[in-house]
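>>> sequence? don't have it. structure:
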């Protein structure tokens, strides 16, 4: 794995969009702003290969040579996200299709499928030609495979995909008997008697396919994407072993952990904190752009240090999507340090200048169409100067957390169809992350999989695994050993009742973790839309001065504790199961397992943070809720950097109870200190 030794700040640039007489001035200005790296070419297949088998490099040679002149390094994208018109016209079998079997057509991007053999061959050829040409260019340091795998669509139903899926299940199950058992096809007479009868899920009467087949569909799509990326990675590594390889974005139906572990030097992410449902969050005390720190935590679970290849620098969206407001003055800088705080060692802004043509004419970059000075340019210049001075000190330091929120791909994918648990995870995850954020407790995302080791779990004092419906027995044994050796784990409702195929165990709920939690589930119910949800009464609630009611919305399980080490911490009130246990703690070995028979909300998670005595690791700083705290530490010398990020549009007062060095301003801080709106401090601690 090729490790970055210097912090790199840069920008995405599309020379094919601009007159050639603008290039040199653009690169000169980038260098003056403190940028050191430029990303390009990921959508330029028709320039590199204007006609089938005719390759041309003169255009990008001129561009990259100017970059080299100004000391700018270049990351090149393989252009396979946008096959040219000659390709899709001659080989329509490369096109992706809807579930109804209708081909998507040329005119946007990402309209191909991963399993067309001719597309794999043509992709391999263009990548080989590009890498051969640029493998020794002094400016080219790395490669981005494709662009945002599974963006736009993360399902594939071309003829090539159906054929490949058939091969995939045949290799996985070997016999039709095993396939039928895994998919439970005896239900509704779905039994297969010939491999030719097997397809990816197709349209059904009520749009509800076989759930076990649908789970395998997601696994197949992931394997297909990783295989497609692997073809390109192999070419790059064989021809240019001194240049690093990555890909950008984290989208649905890809096991990004597996892909990164098998193929990449690190993962790259595209970070847009003002995007989509982040800015429309209507839950109490919304995190808004601060919620993007969870996304960055997921990225960090893939690569402890990573790159951001598209850092938001403007507002807007596509011509058909009004997506995001412009960053307020200071927010672009705040979001840059948000990415760095969570592990980014390379950051490239999207984009240098807002496009004047095409679908993304409203996806604003640092420069506006007119190319005249603006506040975003000025802010980028400030960031460039700061990181040129301090960036290298941060490189290779790792984020530090003592708690983790646990996820896995099987439950994520199964929950897309299974609404009895899929929607609950999103709510519970948000409630826990919000509680940790507002309590100033750094938290990791931890994706658990078949190769996860006990040591990986024991790094954390507390694990929150909200609704692991699919829970294989081997994973349950791993979690038991974690608790047995002193860990604390927290589960929510709908835990532990499905096997690896998504079929229900014939065991009392919560299945293989019943003895870990010391309970069985006596009964359960969905809370109806016109039904008043019960409340949760914590033991000794009034004695502790807690008068606010905590609603038990969405779904409730009535818990029957049977272990002598199980302690009831809360009971339901206000339904036919009033007085029944709602939250139970079970002592197991040297640790504790908590089981809540419901969906977590902010009120309950705040109480549990207090109950579990989870504290901020930096007890000598008093912070208001608006400030996020993150910690990066060098594993070799123990040097720590404490990031304080103000997500408020108002200045905040913090109290520092000792004298510390602030890195950005190169000053000493102590006592009461003001941090400006959208401001950032980085405190160095030896």
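That came in fine, so what should we check first? Only a predicted model underlies this, so the values are computations on that prediction, with no experimental measurement involved. Numbering: from 1, shown residues only.

>>> Give the other helices and strands that the longest helix along the chain contacts.
If you go by DSSP state H, the chain has its longest helix at helix 211-239. Packed against helix 211-239 by the contact rule (3 or more CB pairs under 8 Å, 6 or more residues apart in numbering; DSSP states H and E) you find helix 117-134, helix 159-173, helix 176-183, strand 244-246, helix 256-263, helix 409-417. Just so you know, the C-beta spots here come from the backbone N, C-alpha and C atoms, and that holds for glycine as well.

>>> Pull the residues that contact the worst-scoring helix or strand of the chain on mean pLDDT.
Between all helices and strands in the chain, the lowest mean by mean pLDDT, DSSP states H and E belongs to strand 321-324, at a mean of 80. By CB atoms under 8 Å, 6 or more residues apart in numbering, the residues outside strand 321-324 that reach it are 272, 274, 275, 276, 279, 312, 315, 316, 317, 362.

>>> all helices of the stretch 251-400 of the chain, in order?
Using DSSP state H, counting those that start in this stretch, the helices of the stretch 251-400 of the chain run over 256-263, 292-302, 331-341, 375-394.

>>> nope, the stretch 551-686 of the chain is what I was after
Under the criterion DSSP H, counting those that start in this stretch, the stretch 551-686 of the chain contains helices at 602-611.

>>> Now do the strands in it.
For the stretch 551-686 of the chain, strands defined by DSSP state E, counting those that start in this stretch occupy the ranges 555-561, 566-573, 581-588, 591-596, 621-622, 627-633, 640-646, 652-662, 667-675, 680-685.

>>> re the thing from before, check the average confidence over the longest helix of the chain, would you?
In this model, helix 211-239 has an average pLDDT of 98.

>>> Just the buried positions in that helix, please.
Buried positions in helix 211-239, judged by neighbour count with 16 or more other CB atoms under 10 Å: 211-226, 228-229, 231-233, 235-237, 239.

>>> where are the low-confidence patches of the stretch 501-650 of the chain?
When residues are selected by pLDDT under 70, those of the stretch 501-650 of the chain lie in 541-547.

>>> Mind doing that once more with 80?
Along the stretch 501-650 of the chain, segments meeting pLDDT under 80 span 540-548.

>>> And the strands of the stretch 551-686 of the chain: which comes nearest residue 479?
In terms of CB to CB, the element of the strands of the stretch 551-686 of the chain nearest to residue 479 is strand 591-596, at 8.3 Å.

>>> Which strands or helices does the closest one pack on?
In terms of contacts (3+ CB pairs under 8 Å, 6+ apart), strand 591-596 is packed against helix 473-484, strand 488-491, helix 514-517, strand 581-588.

>>> Same list, those, but as TSV with distance to residue 609 and mean neighbour count please.
Below are the helices and strands packed on strand 591-596 laid out as TSV (distance: least, CB to CB, whole Å; neighbours: other CB atoms under 10 Å):
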stretch	distance to residue 609	mean neighbour count
helix 473-484	19	18
strand 488-491	11	24
helix 514-517	20	22
strand 581-588	14	23
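
>>> of all the ones you listed, which lies closest to residue 248?
For the helices and strands packed on strand 591-596, proximity to residue 248 was assessed by CB to CB; helix 473-484 is nearest, at 30.3 Å.

>>> Output the contacting helices and strands for the closest one.
So helix 473-484, by 3+ CB pairs under 8 Å, 6+ apart, packs with helix 454-458, strand 462-465, strand 488-491, helix 514-517, strand 581-588, strand 591-596.

>>> chain center to stretch 250-269, what's the gap?
Here the centre of stretch 250-269 is set off from its chain's centre by 10 Å, with CA atoms, centre = their mean, to the nearest Å.

>>> Please point out which parts of it sit buried.
250, 253-260, 263-269.

>>> Reformat the helices of the stretch 251-400 of the chain as TSV; add distance to residue 667 and mean pLDDT.
Shown next, in TSV, are those (distance: least, CB to CB, whole Å; pLDDT from 0 to 100):
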stretch	distance to residue 667	mean pLDDT
helix 256-263	38	98
helix 292-302	26	98
helix 331-341	17	98
helix 375-394	13	98
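
>>> Distance to residue 591 for these - can I get that in CSV?
Converted to CSV, the helices of the stretch 251-400 of the chain look like this (distance: least, CB to CB, whole Å):
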stretch, distance to residue 591
helix 256-263, 26
helix 292-302, 22
helix 331-341, 30
helix 375-394, 34
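
>>> most packed of those helices?
Across those, the average number of neighbours (mean count of other CB atoms under 10 Å) peaks for helix 331-341, which reaches a mean of 24.

>>> What are the contacting residues of that helix?
With CB under 8 Å, 6+ apart, helix 331-341 has contacts from 269, 271, 273-274, 289, 292-293, 296, 308, 311-313, 327, 347, 349, 376, 379-380, 382-383, 394, 399, 628, 630, 632, 643, 645-647, 678-680, 682.

>>> try 6 Å this time
Applying CB atoms under 6 Å, 6 or more residues apart in numbering, the external contacts of helix 331-341 come out as 271, 273, 308, 313, 347, 379, 383, 630, 643, 645, 678, 680.

>>> can you give me the angle it makes with strand 680-685?
30 degrees (axes from the mean of the first three to the mean of the last three CA atoms, to 10 degrees).

>>> Between strand 627-633 and helix 331-341, find me the angle.
Counting by the same axes, to 10 degrees, helix 331-341 points 40 degrees away from the direction of strand 627-633.

>>> what angle separates helix 331-341 from helix 375-394?
20 degrees.

>>> Centre of the chain to helix 331-341, how far?
17 Å.

>>> before we move on, back to that, which of the contacts of strand 321-324 tops the neighbour count?
residue 312 (27 neighbours; other CB atoms under 10 Å).

>>> which residues pair with that residue across the strands?
For residue 312, the beta-bridge partners are residue 350 (DSSP bridges).

>>> follow-up on the earlier one: could the helices and strands packed on helix 473-484 be laid out in a markdown table, adding distance to residue 76?
Below are the helices and strands packed on helix 473-484 laid out as a markdown table (distance: least, CB to CB, whole Å):
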| stretch | distance to residue 76 |
| --- | --- |
| helix 454-458 | 34 |
| strand 462-465 | 40 |
| strand 488-491 | 44 |
| helix 514-517 | 50 |
| strand 581-588 | 52 |
| strand 591-596 | 49 |
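
>>> for these, which one sits closest to residue 528?
Among the helices and strands packed on helix 473-484, strand 581-588 comes nearest to residue 528, with 18.4 Å by CB to CB.

>>> other SSEs contacting the closest one?
Applying 3 or more CB pairs under 6 Å, 6 or more residues apart in numbering; DSSP states H and E, we find strand 581-588 packed against strand 555-561, strand 566-573, strand 591-596.

>>> With mean neighbour count as extra columns, can I get those in JSON lines?
Shown next, in JSON lines, are the helices and strands packed on strand 581-588 (neighbours: other CB atoms under 10 Å):
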{"stretch": "strand 555-561", "mean neighbour count": "23"}
{"stretch": "strand 566-573", "mean neighbour count": "20"}
{"stretch": "strand 591-596", "mean neighbour count": "24"}
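
>>> and the residue nearest to residue 605 when sequence neighbours are not counted, how many neighbours?
Excluding the flanking residues, the one nearest residue 605 by CB to CB, 6 or more residues apart in numbering is residue 435, at 3.8 Å. Neighbour count for residue 435, taken as other CB under 10 Å: 24.

>>> what angle sits between the one helix or strand residue 435 maps to and strand 627-633?
Element membership for residue 435 (DSSP states H and E) is helix 422-438. Put simply, helix 422-438 runs at 90 degrees to strand 627-633, going by the same axes, to 10 degrees.

>>> Taking strand 555-561 as reference, get the angle to helix 422-438.
80 degrees.

>>> for the stretch 1-150 of the chain, what are the low-confidence residue spans?
Where the stretch 1-150 of the chain drops to pLDDT under 80, the residues are 1-4.

>>> any idea where the strands of it begin and end?
For the stretch 1-150 of the chain, strands defined by DSSP E, counting those that start in this stretch occupy the ranges 8-12, 37-40, 73-77, 140-144.

>>> could you dump the ones you listed to CSV with distance to residue 115 and mean neighbour count?
Listed next are the strands of the stretch 1-150 of the chain as CSV, based on distance: least, CB to CB, whole Å; neighbours: other CB under 10 Å:
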stretch, distance to residue 115, mean neighbour count
strand 8-12, 29, 25
strand 37-40, 28, 25
strand 73-77, 22, 24
strand 140-144, 22, 24
